[in-house]
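Undergrad: Quick one: sequence plus predicted model below, questions after.
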Amino acid sequence: MPKGKVVIDKEKCKGCELCIAACPKKVLGLSEDFNTKGYRYSTPLHPEDCIGCGFCAMMCPDVAIEVYREE
Amino acid sequence: MGEKYLMKGNEALGEAAIIAGCDAYFGYPITPQNELTAYMSKRMLEEGRVFVQSESEVAAINMVFGAAGAGKRAMTSSSSPGISLKQEGISYLAGAQLPAVIVNVMRGGPGLGNISPAQGDYYQATRGGGNGDYRLIVFAPNSVQEMADDVMDAFYLADKYRMPSMVMADGMLGQMMEPVQFKDPKSKKDLPAKDWALTGAKGRPRNIVRSLMLGGTGLYEHNEVLRKVYAEVEANEIRYEELETADADLTLVAYGSASRACIGAVRYLRAAGKKVGLIRPRVIWPYPYKALEKQAEKSKKFLVVEMNLGQMVDDVRIGVAGKAPVEFFGYAGGWIPTVKEVVDRVNQML
Amino acid sequence: MKTVYKKPESMTSATTIYCPGCHHGIAHRLIAEVIDELGIADRAIGIAPVGCAALAYDYFNIDFSETPHGRAPAVATGLKLTQPDRVVFTYQGDGDLASIGAAEILHLANRGFNITTIFINNAIYGMTGGQMAPTTLEGQKTTTTPFGRDLQIHGHPMKVSEILSQTAGVAYIARGAVYDPKHVMETKKMIKKAFQNQIDGKGFSMVEILSTCPTNWGLSPLDAVEWLKKNMEPFYPLGVKKDIDQEQ
Amino acid sequence: MDKRIFIFSGYYGSGKTEVATNFALFLKKGHDHVAIADMDVVNPYFRSRDKEIFFRDRGIDLIAPPERINAADLPTITASIGGMIDNDKFKVVLDMGGDDVGTIPLGSIRKRIEARGNYEMFIIANLNRPFTRNTEGIIQMADLIEKMSEIRPTAIISNTHMKEFTDREMILRGAEHCSEAARRLNIPLAFITVPVFLDEKSFRETLAGRFEGDVFPLELFYHTPWEKGADL
C-alpha cells in the first residue's frame, strides 16, 4: 500500500462530512474543536491509514483538502 | 461626407451604425422598425460582422450585454412594446457601466397600441424604464439625416461615458424617405481604453462585468460613481436648437416629428409678422433646462407640442420654473401635428 | 511526496458562500480543473446569472460576467460571436435555466452556437429560500408546494437535458452527478468533453449536474446525497443524452 | 397600353406606390374600370391602402384590407384580388412590396396572372437608393425579383429622384443606367418619370430620341403630415 498524506485547511472546511464518507480507509473524522467560523472541521483521525487516493479532495466542495502520496 | 442617398430613416440608422463601427447587432421583429433589422441582416453579414435575429427582445438586449461586455460596439433596436421588454437589460447595462446603443422607433401605446407614430415613451427613456437610479443619453432626431448623425454620436458618447445611449425616433421618421449624407466616423483616439472588457485574462488580472455590488458600502459607492458620470454628461452633452427665439413672445417646444410641424408653423407665423420661436431639444436627457429658464425671461408664453398626452411638458415646466405659463398641445395613438393645427393653436394663445 | 490533489490554478482562494455540503463547490472545482487541464484560463469567459452562483465570479481566476436572471445564453451569444476564439461558458441553476431562461437556453441549443453550459439541477430554488423549481419532483415539498408537488396543480418536473437533446444544434448533452468519487470523475469527463467540443468548434454542449441543496431540502449533506440517489436519479437518469461523435 | 395587368415591383423604397398610383390615374383617363391592389405586406406606412377616399373620388377601385385594421400590424392582402385578375373589364394595377421578398404575395395569384397572359411586370429603379446605385444594382434586383416571383420582368421604369431635391441631371443619369440595364436584360425601358415641378414638357424635348422610354409626368401624392399642412 502506498502511503498518503492529507492536508486540510481547517478554516476553509465547513464540516459537511462528504470527505469523511468518501474515504475508503476511514482516515477522516470531525474534530472535537471548532474553526473560527464555528464549524467542527474534518481532520485525519488515522493519518497512518491514508493511501493518498484523493477521494476526499475530490468530494470537497470547498477545495480545503490537499493530498500527497509517496512515489 | 460621402455621396447623397435617398433613404428611409430606419435604413439610415442601420448604415450609420455600420459606419460608426457597430460590431454586433441583435434584433427582434416589430413594426415600424423592421427595415432596420432587415437592413442589418444584409449589411452586417456583408461586412463580416455579427447579426442575430434573437428569440425575443429580452434576448436581444442581453446579447448586446454580452457583446458590449466583450468591449465591442453593440446595438439593438425595437419599437415601444419591445423597448419595454428590454428595460431589464438596459438597467443591467447601466449598472454594469457597459456602453451600447438602443434605438426606439416609437409607436402608439400603451400595451400593443398600434403601429402609428407616437412619442409616448418619453418618460420611459428619460426617467429610466428599468429599476434603479440610472440614466441614458437620449437623442431625439427629427429627420433622416439627424437619425444617421445621432446613431454615430450615440456610439461615441456611450463609449466616452461607459453608459448606454438611446436614439429615440418615431414611426414616421423611421418610415419616411429623405436625402442623407453619412459623416465620417469620429476617431476613437480620445476615448478611454476598454481595459475592463471580458477578452480572456491573458497577461492581466481577471475582469468582472457586474452590477451586483454586495458587502458594506459597495453599492452606495458604485452609485456615487454613476452620479458623477451623469453630472459630467449633464455638464457637457446638452444639445438643443433655437429657431427665431430672440424676440419671441411665444415659444414652442417640441422634438422629433412633432417639431417638424412646429418649424413650419414658426416660418408661417413669422411671415405673418407674429413673434413666435421654437426651442427644439436635440438630446432629451440631459435636458436643456437652462435654455428654457433663459427663454422664460423674455418669452411671455410657452406651448409644448408632443405626440402624447403630455410628458416632456413636465421638463419644460421645470426649466421655465413658473416664470411664464406653459400650455400643452398633443394627442396620442395616431396623430402627427400638421402646420395648420399648430398655427391655429398658437393663434388662440396670442 | 507527489501531489495527488491541490487547488486548481483557475480557482481563487476565496471561501465560497455556499452552505456546507452544497454541490456547487464541487461543480466549480471540476470546471476549474478542466480549464487548467485544457490550458484555456487566459481565454475562458464565464457567465453566471442570478441564483446561488451569482457570486461565482469571486471563485474563478478568469474573466467573468454577471447577467440578468435566465439570460446567460443570450449574454454568452454576444460574448462568443464577437470573440469566436474565446471559450465561453454559462453556469446556470434550474430556476434560471429551466424556468425564466427556458426560451434563451432552448434557442441557444437549437442554434447550436459553439458555447458550453453547465446546468446545476437541485430540484429547488436555493437562493430565494426553497421554492418549487421546474425540476422539483412529484410530491416534493418546497415553500411553494407545502403539500408536495401536485402534477394537477403544478405540472410535471421538466427533463431539460432530454428536451434539449431533441434540438438539431446540440453537439453534446450529458447528465452527471457529483455525490461520490466515481460520479465526480465521470462528470468531470463530461465537462471536459463539453469544453473540448467548443474548442473543436463542434457546437452547443451542456452538462447537467444533479446536485444537492441540503439547506432547502432540510437534510444533512450526507442524507441529502441519499435523497438525491433515491429520488432524483431514477427520474433524471444519468448518462449521455446526445453526442454527435457517437452518431457518426 | 393594351395590356391589362400591371405589376409594379422593384427595390424597396424605389417609389413603386407613387408610380403605381400615378399609373392608375393615367389608365383611368382611357378606361372605365381601373383597380389598384395594395399587395404590400412589408411596408406599414405610405401605402396605397391609406388612400381609400383619394381613389374613390377618382373612380378607381382600391383593393385593400378594411381601413379599420390599417393601424394594426396586420399587413394582409384581400381575396378579391383574384376576381379582379379574372375580370376582363378591369385594368388592374398591382402595387407590390419592396425587393424580391415583396413579390412573395404574387405567388398566390401567379398562375391566374399567367393564365390571362396580358400583363406587364415593371421593375422600378431609383439610382439614389443604396442598393441600386448603378446598372449592375438594377440588373441584380431584377434577377432577384424574377427568381422569387417566378415572373419575368417585362420592362423597366426609371424613377430616379431625391424627392423635392430632384434635378434634371439626376433624372438623366437614372435614365442612362436604366436604359443600359434594360438593354442588357433584353427588355424595354418603359418610362422615365419626371416630377411635375420639373416642367416635364420642355424636359421631354431634351430627352426625346435619347432614350426609348417615354417621359411619364409624376404627381406626388404621398406626403408626411407636416408637408400636407403647408397649404394653409
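TA: Thanks, I have the structure now. Residues are numbered from 1 along each chain as shown, chains lettered A, B, ... in the order given.

Undergrad: Could you use CA atoms for every contact and neighbour count after this?
TA: Will do.

Undergrad: any chance you could map the helices in chain A?
TA: Under the criterion DSSP state H, chain A contains helices at A:18-22, A:55-59.

Undergrad: Same question for chain D.
TA: D:16-28, D:52-57, D:80-86, D:110-116, D:135-149, D:168-185, D:200-207, D:225-228.

Undergrad: quick check: longest strand of chain A.
TA: strand A:28-34 (DSSP state E).

Undergrad: Pick the most deeply packed of the helices of chain A.
TA: Mean neighbour count (mean count of other C-alpha atoms under 10 Å in any protein chain shown) peaks for helix A:55-59 among these, with a mean of 27.

Undergrad: which stretches of chain D have low pLDDT?
TA: Residues of chain D that meet the criterion pLDDT under 70 lie in D:1, D:42, D:67-77, D:200, D:228-232.

Undergrad: if we go to 80?
TA: D:1, D:40-46, D:49-50, D:65-80, D:82, D:99, D:116-117, D:199-209, D:228-232 (pLDDT under 80).

Undergrad: what's the answer for chain C, then?
TA: C:248.

Undergrad: which helix of it spans the most residues?
TA: Ranked by number of residues, the top helix in chain C under DSSP H is helix C:181-199.

Undergrad: name the helices or strands packed onto the host helix or strand of C:Leu164?
TA: With secondary structure defined by DSSP states H and E, C:Leu164 is part of helix C:160-165. Packed against helix C:160-165 by the contact rule (3 or more C-alpha pairs under 8 Å, 6 or more residues apart in numbering or on different chains; DSSP states H and E) you find helix C:102-111, strand C:170-177, strand C:239-243.

Undergrad: How about residues contacting the longest one?
TA: Residues outside helix C:102-111 that contact it (C-alpha atoms under 8 Å, 6 or more residues apart in numbering or on different chains) are B:55, B:59, C:70-74, C:77, C:96-98, C:164, C:167-170, C:204-205.

Undergrad: related to what we said a few turns ago, would you indicate which residues of the helix holding C:Leu164 are buried?
TA: The neighbour-count check on helix C:160-165 (16 or more other C-alpha atoms under 10 Å in any protein chain shown) flags C:160-162, C:164-165 as buried.

Undergrad: again, but for stretch B:288-308
TA: B:288-289, B:291-293, B:295-296, B:298-308.

Undergrad: Stretch D:209-223 too?
TA: Across stretch D:209-223, burial judged by 16+ other C-alpha under 10 Å covers D:211, D:213-218, D:222.

Undergrad: Tell me the one of those nearest C:Val4?
TA: D:Tyr222 (79.1 Å; C-alpha to C-alpha).

Undergrad: close enough to count as contact, that closest one and D:Glu18?
TA: Yes: using C-alpha atoms under 8 Å, D:Tyr222 is in contact with D:Glu18, at 6.9 Å.

Undergrad: hang on, isn't C:Ala194 packed against C:Met206?
TA: Yes: if you go by C-alpha under 8 Å, C:Ala194 and C:Met206 touch, sitting 6.2 Å apart.

Undergrad: circling back: which of the helices and strands packed on helix C:160-165 is buried the deepest?
TA: strand C:170-177 (a mean of 26).

Undergrad: partners of it in the sheet?
TA: Here strand C:170-177 is paired, per DSSP bridges, with strand C:204-210 (parallel), strand C:239-243 (antiparallel).

Undergrad: Any idea which residue of chain C lies closest to chain A?
TA: Taking C-alpha to the nearest C-alpha, chain A has its nearest neighbour within chain C at C:Gly25, 4.0 Å off.

Undergrad: dump the residue contacts of that residue.
TA: By C-alpha under 8 Å, 6+ apart, the residues touching C:Gly25 are A:60-63, C:16, C:18.

Undergrad: got the phi/psi numbers for the residue of the stretch 251-350 of chain B found nearest chain C?
TA: Per C-alpha to the nearest C-alpha, the residue of the stretch 251-350 of chain B with the smallest distance to chain C is B:Trp285, at 25.2 Å. The phi/psi pair for B:Trp285 (degrees, to the nearest 10) reads phi -140, psi 130.

Undergrad: That one contacts B:Val138, correct?
TA: Yes: counting by C-alpha under 8 Å, B:Trp285 touches B:Val138, with 5.3 Å between them.

Undergrad: Could you name every residue contacting both of the two?
TA: Common contacts of B:Trp285 and B:Val138 (C-alpha under 8 Å, 6+ apart): B:Thr126.

Undergrad: one step back: out of the contacts of C:Gly25, list just those in strands.
TA: Under the assignment DSSP E, these contribute nothing to strands.

Undergrad: of the residues you listed, closest to C:Arg149?
TA: Closest approach to C:Arg149 among the contacts of C:Gly25 (C-alpha to C-alpha): C:Tyr18, at 25.7 Å.

Undergrad: Hmm, C:Ile26 and the closest one touching each other?
TA: No: assessed by C-alpha under 8 Å, C:Tyr18 is found out of contact with C:Ile26, at 10.8 Å.

Undergrad: So for these two, which residue has more residues nearby?
TA: Per other C-alpha atoms under 10 Å in any protein chain shown, whichever of C:Tyr18 and C:Ile26 has more neighbours is C:Ile26, with 23 against 19.

Undergrad: Please, which helix or strand holds the more buried one?
TA: Assigned by DSSP H and E, C:Ile26 belongs to helix C:24-38.

Undergrad: Report the angle between whichever helix or strand comes after that helix and helix C:24-38.
TA: Heading C-terminal from helix C:24-38, the first helix or strand you meet, by DSSP H and E, is strand C:44-48. Using axes from the mean of the first three to the mean of the last three C-alpha atoms, to 10 degrees, the inter-axis angle of strand C:44-48 relative to helix C:24-38 is 160 degrees.

Undergrad: For strand C:44-48, which strands pair with it and how are they oriented?
TA: Counting by DSSP bridges, the strands paired with strand C:44-48 are strand C:63-66 (parallel), strand C:87-93 (parallel).

Undergrad: Can I get it in PDB, CA atoms only?
TA: In PDB, the C-alpha atoms belonging to strand C:44-48 read as follows (Å, rounded to 0.1, in the frame of the first residue of the first chain):
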ATOM      1  CA  ALA C  44     -12.100  31.400 -20.900                       C
ATOM      2  CA  ILE C  45     -15.000  33.700 -20.000                       C
ATOM      3  CA  GLY C  46     -17.600  32.500 -17.500                       C
ATOM      4  CA  ILE C  47     -21.100  33.800 -17.200                       C
ATOM      5  CA  ALA C  48     -23.200  33.300 -14.100                       C
END
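
Undergrad: quick one: it to chain centroid distance?
TA: Distance of strand C:44-48 from the chain centroid (C-alpha atoms, centre = their mean, to the nearest Å) equals 13 Å.

Undergrad: For the chain, which residues score under the pLDDT cut-off?
TA: Just so you know, I chose chain A. The model of chain A has pLDDT under 80 over residues A:1-2, A:71.

Undergrad: hm, I was asking about chain B
TA: In chain B, residues with pLDDT under 80: B:1-2, B:213-217.

Undergrad: Please repeat the previous calculation with a cut-off of 70.
TA: Along chain B, the model assigns pLDDT under 70 to residues B:1, B:215.

Undergrad: show me where it has helices.
TA: Secondary structure of chain B (DSSP H): helices at B:9-19, B:34-46, B:57-69, B:80-95, B:122-127, B:144-161, B:171-175, B:218-236, B:256-271, B:289-296, B:312-320, B:339-349.

Undergrad: before we move on, back to that, which residues make contact with the longest strand of chain A from outside it?
TA: A:15, A:17, A:19-20, A:40-47.
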